[in-house]
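Peer 1: turn this into a structure:
(one chain, ligands or ions: 1)
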Amino acid sequence: AQEWERFETWSAGSGEHNKRASQSLPLGVTSSFQHWDPYPISVASARGAWLTDVDGNRMLDLSMGFGAMLVGHLNPTVVAAVTEALTETGTLFVTPSPQATEMSERFCQRFQLDMIRFTNSGTESLMYAIRCARAYTGRKAIVKVEGGYHGGYDGLQISVKPGLDEIGPADAPTPQVPFDVEAGTVHVVAYNDLGQLTRVLEEHGAEIAAFVVEPVIENLSIVVPDAGYLAAVRELCDEHGVVLIFDEVKTGLTAGAAGAAQRLGVKPDLITLAKSIGGGLPLAAFGGRREVMEVVVDGRMAHFGTYNGNPLVMAAAKAVDEICTPEALAEAEAVNIRALQAIDAIIDEYELPAHTVGLGVKGCVTWSTTPVRNYRDYKATDFRLAELSWLWGVNRGILTPPGLDEQWLVSLVTTDEDMSTLVEDFRSLAQALRA
Ligand code: PLP
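Peer 2: The predicted model follows:
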């Protein structure tokens, strides 16, 4: 309660702003994930790794646009490339362009894809990847993991972080089917559970087009695959002719220079990309095996979009591609590892019921003493401590992502010094908890 009082003192302008915004924007936000109670912080501007809110508070941004700002706010290389497109080249042709072709080649090379198509959001990419898998297999159903979030497409609004009273028995999770999704066309399995996936594929394999999964789940803090899990998933999908879709919207460049799939050594049939690849502009993509993507060539499916691959976002993407060398990403990852180690030491010293999880340039504190392997483990973590930890940070000028399902991002411009403010903030929380 004390921390919430403190919150409302320094962020009064954000409170007022939310009141005004709520008149014309539902909840006063432009995406439901931007909202939290009593109101979200409204940001006026950002530069590098820092934000300024509408009250004039300067905050360390460890949310970084849910990972989209991997190269930092107002990155000069991105700004120069986008300015050139805006002032010299043009922003939209709705024709093929050398810019889009060059970026398709660069992405195919980086992520080891045969073919790729650009979209404007992760949601669209998931929708089209599933359409692609359905066209390729001639099957309708899909499998997803319990609790998993993959954007706003109706067909994936199933078992998205459901309440414990809605989810059914652990060995047979219940899908909650929204009104316009045909019952029986979405199967839900626990992540890291090969038994459940095997059973679903054995019973329904002939009707299943795709298994959609984040290779490392980054919508439930960070949940990593058990050793051998993804390789076994790959084999099961092959056995049943099911298209394996890795949703790399969140992992992407933040998991390593070539994404999580390559880092973990398992090749999906399709991947979806968004966020980190666009330098803050709305760029997303889906791509993968030629044989699967060729459903767009032979007319089994079409893929549309006025703004797809426009020269403005392609300019930003090329700048990001040039900035995000393996060396640059490795340096940011080293900053992240040092911060994770420092926080681990504090957890040990103060015997906190928590552990850290990191992947690439992302990290989080999970408030549980045992590893989280799936959604039900995640639901058993201590949400009160997670909320306090978020609030403690934001009250002291550190903005980690809103919501308790997210992780921090060490951008390419976030320094050891920046991360030491997170570490020291965490130490002060540990001291307060133990006092
Ligand atoms: N897939 C995953 C794993 C996501 O985390 C998100 C968004 O957070 C999406 C898809 C949807 O992406 P977008 O918000 O660009 O539509």
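
Peer 1: from here on, contacts and neighbour counts on C-alpha atoms
Peer 2: Will do.

Peer 1: any idea which residue sits dead centre in the chain?
Peer 2: residue 250 (2.5 Å; CA atoms, centre = their mean).

Peer 1: so what pLDDT did that residue get?
Peer 2: Residue 250 is assigned a pLDDT of 97 by the prediction.

Peer 1: on the three-state scheme, it is what?
Peer 2: Per DSSP: H, G, I helix; E, B strand; the rest coil, the local secondary structure of residue 250 is coil.

Peer 1: right, and the helix or strand after the host helix or strand of residue 313?
Peer 2: Assigned by DSSP states H and E, residue 313 belongs to helix 311-323. Once helix 311-323 ends, the next helix or strand along the chain (criterion: DSSP H and E) is helix 326-349.

Peer 1: still on that earlier bit, measure the residue nearest to the centre of the chain to residue 65 for me?
Peer 2: Plainly put, residue 250 is 11 Å away from residue 65 if you go by CA to CA, to the nearest Å.

Peer 1: between these two, which contacts overlap?
Peer 2: Residues touching both residue 250 and residue 65 (CA atoms under 8 Å, 6 or more residues apart in numbering): residue 275.

Peer 1: about what we covered before: ok, the residue nearest to the centre of the chain touching residue 220?
Peer 2: No: contact criterion CA atoms under 8 Å: residue 250 and residue 220 do not qualify, at 11.6 Å.

Peer 1: what does the protein put close to the ligand?
Peer 2: Taking CA under 6 Å from any ligand atom as the criterion, the chain approaches the ligand at residues 121, 122, 123, 149, 150, 151, 219, 247, 249, 250, 274.

Peer 1: among those, which are in strands?
Peer 2: residue 247 (DSSP state E).

Peer 1: any chance of the residues of the chain next to the ligand in TSV, with distance to residue 331 too?
Peer 2: TSV is the format used below for these (distance: CA to CA, whole Å):
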residue	distance to residue 331
121	28
122	27
123	30
149	29
150	29
151	30
219	25
247	25
249	22
250	19
274	22
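
Peer 1: just the ones of the residues of the chain next to the ligand in helices?
Peer 2: Using DSSP state H, the subset of the residues of the chain next to the ligand located in helices is 122, 123.

Peer 1: closest one to residue 301 out of the residues of the chain next to the ligand, please.
Peer 2: residue 123 (17.7 Å; CA to CA).

Peer 1: separation between the closest one and residue 165?
Peer 2: 27 Å.

Peer 1: neighbour count for those two, which is higher?
Peer 2: residue 123 (20 against 7; other CA atoms under 10 Å).

Peer 1: my guess is the more buried one meets residue 150, correct?
Peer 2: Yes: applying CA under 8 Å, one finds residue 123 in contact with residue 150, separated by 6.9 Å.

Peer 1: can you map out the strands along the stretch 1-150 of the chain?
Peer 2: 43-47, 50-53, 58-61, 115-119, 141-145 (DSSP state E, counting those that start in this stretch).

Peer 1: deepest of the ones you listed, which one?
Peer 2: By mean neighbour count, with neighbours taken as mean count of other CA atoms under 10 Å, strand 141-145 ranks first of the strands of the stretch 1-150 of the chain at a mean of 25.

Peer 1: touching that one from outside, list them.
Peer 2: Outside of strand 141-145, the residues within contact range by CA under 8 Å, 6+ apart are 159, 184-191, 207-213.

Peer 1: circling back: centre of the chain to the helix holding residue 313, how far?
Peer 2: From the chain centre to the centre of helix 311-323 is a distance of 20 Å (CA atoms, centre = their mean, to the nearest Å).

Peer 1: likewise stretch 193-212?
Peer 2: Counting by CA atoms, centre = their mean, stretch 193-212 comes out at 24 Å from the chain centroid.

Peer 1: tell me the mean pLDDT for it?
Peer 2: 98.

Peer 1: just for the chain, where's the confidence low?
Peer 2: Filtered on pLDDT under 70, the chain yields the residue ranges 174-179.

Peer 1: so which residues of it form helices?
Peer 2: Counting by DSSP H, the helices of the chain are 2-10, 12-24, 76-84, 98-111, 122-137, 194-204, 229-239, 259-264, 290-293, 311-323, 326-349, 375-379, 383-394, 416-434.

Peer 1: just put these in TSV and tack on distance to residue 367.
Peer 2: TSV is the format used below for those (distance: least, CA to CA, whole Å):
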stretch	distance to residue 367
helix 2-10	19
helix 12-24	29
helix 76-84	37
helix 98-111	33
helix 122-137	29
helix 194-204	26
helix 229-239	24
helix 259-264	24
helix 290-293	41
helix 311-323	34
helix 326-349	10
helix 375-379	9
helix 383-394	6
helix 416-434	12
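
Peer 1: contacts only, for residue 195.
Peer 2: Counting by CA under 8 Å, 6+ apart, residue 195 has no contacts.

Peer 1: counting neighbours, what do you get for the residue of the stretch 251-400 of the chain found nearest the ligand?
Peer 2: Across the stretch 251-400 of the chain, no residue is closer to the ligand than residue 274, which sits at 5.9 Å (CA to the nearest ligand atom). By the criterion of other CA under 10 Å, residue 274 has 31 neighbours.

Peer 1: my guess is it meets residue 247, correct?
Peer 2: No: with contact defined as CA under 8 Å, residue 274 does not reach residue 247; the gap is 9.4 Å.

Peer 1: report the set of residues contacting both of the two.
Peer 2: In contact with both residue 274 and residue 247: no residue, using CA under 8 Å, 6+ apart.

Peer 1: quick one: end-to-end distance for stretch 363-373.
Peer 2: Separation of the first and last residues of stretch 363-373 by CA to CA is 16 Å.

Peer 1: correction: the previous question concerned stretch 365-378.
Peer 2: OK, stretch 365-378 end separation, CA to CA: 12 Å.

Peer 1: dump the C-alpha coordinates for stretch 385-396 into PDB.
Peer 2: The C-alpha coordinates for stretch 385-396 follow below in PDB (Å, rounded to 0.1, in the frame of the first residue of the first chain):
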ATOM      1  CA  LEU A 385       6.200 -10.500  -4.900                       C
ATOM      2  CA  ALA A 386       6.400 -10.100  -8.700                       C
ATOM      3  CA  GLU A 387       4.000  -7.100  -8.500                       C
ATOM      4  CA  LEU A 388       5.900  -5.600  -5.600                       C
ATOM      5  CA  SER A 389       9.200  -6.000  -7.500                       C
ATOM      6  CA  TRP A 390       7.800  -4.200 -10.500                       C
ATOM      7  CA  LEU A 391       6.300  -1.400  -8.400                       C
ATOM      8  CA  TRP A 392       9.500  -1.100  -6.400                       C
ATOM      9  CA  GLY A 393      11.500  -0.500  -9.700                       C
ATOM     10  CA  VAL A 394       9.100   1.900 -11.300                       C
ATOM     11  CA  ASN A 395       8.900   4.000  -8.100                       C
ATOM     12  CA  ARG A 396      12.700   4.300  -8.300                       C
END
